[in-house]
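[1] Predicted structure and sequence below. I'll ask about it afterward.
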Amino acid sequence: MKNNIKVIIFDLGGVLVPEKRDLMDNHISRFLKIKEGDLKRFSKNLNNELTKGEIDLSQFYSGILKKINNKEISPSKLVQKHIALYKKYCIKRDASVLRLIRRLKKRYLVVCLVNTELEIAKINKENGLYNIFLKSFISTEMKMMKPSLNIYKMVLRRLRIKSEKAVFIDDKEKNVNSARKLGINSILYKNFRQLKKDLKTFGLSI
């Protein structure tokens, strides 16, 4: 297959760094003394606002506390716990994926596209996570999120690249399916070996 790829777009959580949101939710729900399913239900309508940067974590948890009628715990306490859990479970970088990214950067424009929260984006900027990439596209700054088609369109416009010249890598099927709708070559990440194999099917030199 002739290599026509110019840009590689990486998701982070579940690819380069651990995706532990379910584990974090488990801790938070136990801290609030509610069922994990209830936490997910109460946070459902707030998650989009949080990921698009329309609210911060304090407002997010204020909304949840209001829904469960808990006046004993402060939103700031939950924010502290959320950040502590993130730092405990989600900071470590996959060494194999990191080495691959560094190799790819020698031949391609390698960027990242992430759904995140305002506070978590700040932490990752401070710890240099985004500096690994030549450019970072962050949901809270773009005011939109995956899997919206608009966020992929904006990334392509900003990179001045046609969809067929890009490869998108994400661990969530809904995000991959949206990218494919726009003609972006997409890989559903499962493990490192599978990622290398799939990159080669697009003719990439790795």
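    Great, that's in hand.
[2] which SS class is Phe137?
    strand (DSSP: H, G, I helix; E, B strand; the rest coil).
[3] got a pLDDT number for it?
    You'll see Phe137 listed with a pLDDT of 98.
[4] ok, for it, nearest residue in space, not its chain neighbours?
    Leaving out its chain neighbours, the residue that sits closest to Phe137 by Cβ to Cβ, 6 or more residues apart in numbering is Leu113, at 4.5 Å. Bear in mind the C-beta positions are built from the backbone N, C-alpha and C, glycine included.
[5] Repeat that for Leu78.
    In space, Leu78 is closest to Tyr61, 4.0 Å off (Cβ to Cβ, 6+ apart).
[6] so where's the protein shaky on pLDDT?
    1-3 (pLDDT under 70).
[7] can you map out the helices along it?
    Applying DSSP state H to the chain gives helices spanning 21-32, 36-51, 57-67, 75-89, 95-104, 118-126, 139-142, 149-159, 173-181, 192-201.
[8] Summarise which helices and strands the last one is packed against.
    Helix 192-201 makes packing contacts with helix 95-104, strand 185-188 when contacts are defined by 3 or more Cβ pairs under 8 Å, 6 or more residues apart in numbering; DSSP states H and E.
[9] ditto for the first one
    In terms of contact count using 3+ Cβ pairs under 8 Å, 6+ apart, helix 21-32 is assigned the packing partners helix 36-51, helix 75-89.
[10] how far off helix 75-89 does that helix point, in degrees?
    Relative orientation of helix 21-32 versus helix 75-89 (axes from the mean of the first three to the mean of the last three Cα atoms, to 10 degrees): 140 degrees.
[11] Other residues contacting helix 21-32?
    13, 35-36, 38-40, 64, 68, 70, 73, 78, 81-82, 85-86, 89-90 (Cβ atoms under 8 Å, 6 or more residues apart in numbering).
[12] how far off helix 57-67 does it point, in degrees?
    Going by the same axes, to 10 degrees, helix 21-32 makes 50 degrees with helix 57-67.
[13] Check which residues of helix 21-32 are buried.
    The neighbour-count check on helix 21-32 (16 or more other Cβ atoms under 10 Å) flags Arg21, Met24, Asp25, His27, Ile28, Ser29, Leu32 as buried.
[14] chain center to that helix, what's the gap?
    19 Å (Cα atoms, centre = their mean, to the nearest Å).
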